[in-house]
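1. please find the sequence and the predicted model below.
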Amino acid sequence: MAVTFLGVRGSTPCHGDEIARYGGNTSCVSLDIPGHDPILFDLGTGLRYFRLAFPEGDPFRGTCLLTHLHWDHIQGLPFFMPVLNEGADVSIYAPWQLGDLSVEDVFADTIKPPLFPIHFSMFPGAVRFQEVGDHDFSIGDIRLMSRLVPHVGNTVGYRVTWNGQSITYLSDHQMPADGSFSATQGVLDICRDTDLLIHDSQYTSEEFKQRSDWGHCTPDFAVWLAGEAGVKRLALFHHDPAHDDDMLDDLTGRAIECGRALGVDVFAARERQTVIV
Ligand SMILES: [Zn+2]
Ligand SMILES: [Zn+2]
């Protein structure tokens with residue numbers, strides 16, 4: 001399986017020489033599995049860079065696994081031409097919403113004038129929604145798990161298993177607000193012995209003290225979770241827009257040291273980086 005990081009930033013896209021090495025687009029990761037249609041984790045602004053070489057007019061056919069509906073995870077969708085082309089066929093999995101609102105309602109209420117030039121229902125391709133919480137499901141011979149995770153609003157993480165290898169995507173994850181380290185059973189279940197964990201690492205310990213209920217965690221927490229769950233490789237992800245390349249190098253250096261002591265291979269996700277699992 002080939003995992004390509006298209007957007008690694010949290011909260012809002014950013015730009016500048018000081019963040020050029022890690023990149024400024026928001027959450028989007030593609031997963032290519034031989035013989036299968038592509039899978040996308042989240043649809044942030046990094047989506048624009050998914051197969052930029054898509055032949056003009058070619059439709060997208062594949063699956064999107066959305067963790068939740070915050071802007072930084074959906075904003076790429078209305079600007080992704082292959083989804084707008086005739087013949088596109090997209091299955092979007094996303095967490096069920098509170099109240100009577102469906103996920104489709106949220107998109108229909110967001111992608112419409114005056115917020116966007118056309119209404120979501122005018123997209124020529126087919127977009128299907130599947131609402132998930134704590135579920136096990138499959139796409140052909142690909143096995144998937146979704147589990148509700150602590151964040152702000154309904155949010156899930158996903159585990160994808162194929163041919164004996166697994167990848168876990170947990171982009172936004174609230175650690176305990178008192179700064180202690182613990183995780184829900186669902187989180188531990190999707191992380192257990194996974195080959196690659198892509199995980200939130202937005203705040204330094206000092207920043208977390210100021211933003212302890214904003215839905216995120218520290219690199220230290222991500223490394224702790226990876227060690228606790230027997231994860232082989234950990235990709236630090238959802239970088240804060242205020243963290244420049246040098247700062248991310250420093251944070252990653254410390255996380256690599258901590259990971260080594262726990263037997264976890266740690267790196268920080270960069271835009272356009274591909275990892276083979
Ligand atoms: Zn986010
Ligand atoms: Zn979020």
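-> Right, received. Where do you want to start? Ligands and ions are numbered 1, 2, ... in the order given.
2. contacts only, for the most centrally placed residue in the chain.
-> For the chain, the residue nearest the mean C-alpha position is residue 171 (4.4 Å; Cα atoms, centre = their mean). Residues in contact with residue 171, defined by Cβ atoms under 8 Å, 6 or more residues apart in numbering, are 10, 27, 41-42, 67, 73, 157, 198-200, 237-238. Yep, even glycine has a C-beta here, placed from its N, CA and C like the rest.
3. out of those, which is most surrounded?
-> Tallying neighbours with other Cβ atoms under 10 Å puts residue 27 at the head of the contacts of residue 171, with 34 neighbours.
4. surely it and residue 11 touch.
-> No - contact criterion Cβ atoms under 8 Å: residue 27 and residue 11 do not qualify, at 9.6 Å.
5. those strands in the stretch 151-277 of the chain, which residues are they?
-> Under the criterion DSSP state E, counting those that start in this stretch, the stretch 151-277 of the chain contains strands at 156-162, 165-170, 196-200, 233-237, 265-268, 274-276.
6. quick check: which of these is nearest to ligand 1?
-> strand 196-200 (7.9 Å; Cβ to the ion).
7. look up how far residue 232 lies from the closest residue to residue 61 other than its chain neighbours.
-> Of all residues not flanking residue 61 in the chain, residue 89 sits nearest, at 4.7 Å (Cβ to Cβ, 6 or more residues apart in numbering). Taking Cβ to Cβ, to the nearest Å as the measure, residue 89 falls 34 Å from residue 232.
8. and residue 185, by the same measure?
-> For residue 185, the distance to residue 232 - Cβ to Cβ - is 21 Å.
9. what does residue 215 give?
-> 26 Å.
10. okay, the residue nearest to the centre of the chain: pLDDT?
-> For residue 171, the pLDDT comes out at 97.
11. can I get the contacts of residue 171 in a markdown table including pLDDT?
-> Shown next, in a markdown table, are the contacts of residue 171 (pLDDT from 0 to 100):
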| residue | pLDDT |
| --- | --- |
| 10 | 97 |
| 27 | 98 |
| 41 | 98 |
| 42 | 98 |
| 67 | 98 |
| 73 | 98 |
| 157 | 98 |
| 198 | 98 |
| 199 | 98 |
| 200 | 98 |
| 237 | 98 |
| 238 | 98 |
